[in-house]
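Asker: Just to be clear, the model below is a prediction. Sequence and coordinates:
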Amino acid sequence: MSRRIIVSGFAAVAVLGAAGAYAFVAQASEDGPAVKDSSADYIAPATGHDGSISFTTRVTDDSGVRSVKVLAWPGSMKPTPTAKEMSAVESATCTAAGDAAATCRYTAKVSGTDAAAAPRGTWHVAVLVTAKDGDTVFVPKAADFTVTR
């Protein structure tokens, strides 16, 4: 086989490989919403004052973000929440944070009665994101926090 044919063959493979990689990256960006940089904080109630649970996350999607549903659930809960169950939970408030990105925040008060009845230990925050084009992503453990009292 001549050297020219081999070099041409490698060049063709490189061009096809680059085109395939570009198509893969383009498809990956269209796969749906992405959730990252999530965090949760729990502040226990004190005498005469409610506590709170707060959750913050960054969500991106090429079409924009329509809604972000948030559910805090105890790690001991069985079975774990599903995406279907998330339709009835509360929504986070989102603000634009650049191209196709939003920073979303959710805060809920925790009364002394609620805290006394809550299971101790690790809790998780589940998130269901719906993009403007209808794509969704469900993250059952987007962030964790600990209830100690």
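Answerer: Here it is on my side, so go on. Bear in mind that the values here come from a model prediction, so they are computed numbers and not experimental data. Residues are numbered from 1 along each chain as shown.
Asker: Now do the contacts for the residue nearest to the spatial centre of the chain.
Answerer: Taking Cα atoms, centre = their mean as the criterion, residue 35 is the residue nearest the geometric centre of the chain, at 3.1 Å. With contact taken as Cβ atoms under 8 Å, 6 or more residues apart in numbering, residue 35 is in contact with 57-59, 127, 129, 137, 139, 142. Placement of C-beta: from N, CA and C, glycine included.
Asker: For it, which non-adjacent residue is closest in space?
Answerer: Here the nearest residue to residue 35 in space, its sequence neighbours aside, is residue 139; by Cβ to Cβ, 6 or more residues apart in numbering that works out to 5.0 Å.
Asker: who's in contact with the one you found?
Answerer: Applying Cβ under 8 Å, 6+ apart as the definition, the contact partners of residue 139 turn out to be 35, 38, 126-129.
Asker: for residue 131, same thing?
Answerer: Listed by Cβ under 8 Å, 6+ apart, the contact set of residue 131 reads 32-33, 61, 63-66.
Asker: so, if you compare those, which one comes nearest to residue 46?
Answerer: For residue 46, the nearest member of the contacts of residue 131 is residue 65. The distance, counting by Cβ to Cβ, is 34.8 Å.
Asker: Excluding chain neighbours, give the residue nearest to that closest one in space.
Answerer: Sequence neighbours aside, residue 102 is the residue nearest to residue 65 in space, at 4.5 Å (criterion: Cβ to Cβ, 6+ apart).
Asker: Okay, and that neighbour sits in which element?
Answerer: Using DSSP states H and E, the secondary-structure element containing residue 102 is strand 101-110.
Asker: Show me which positions of that strand end up buried.
Answerer: Residues of strand 101-110 classed as buried: 101-104, 106, 110 (neighbour count, 16 or more other Cβ atoms under 10 Å).
Asker: partners of it, with directions?
Answerer: Looking at strand 101-110 with DSSP bridges, its paired strands and their directions are strand 51-60 (antiparallel), strand 93-96 (antiparallel).
Asker: Alright, I will stop here.
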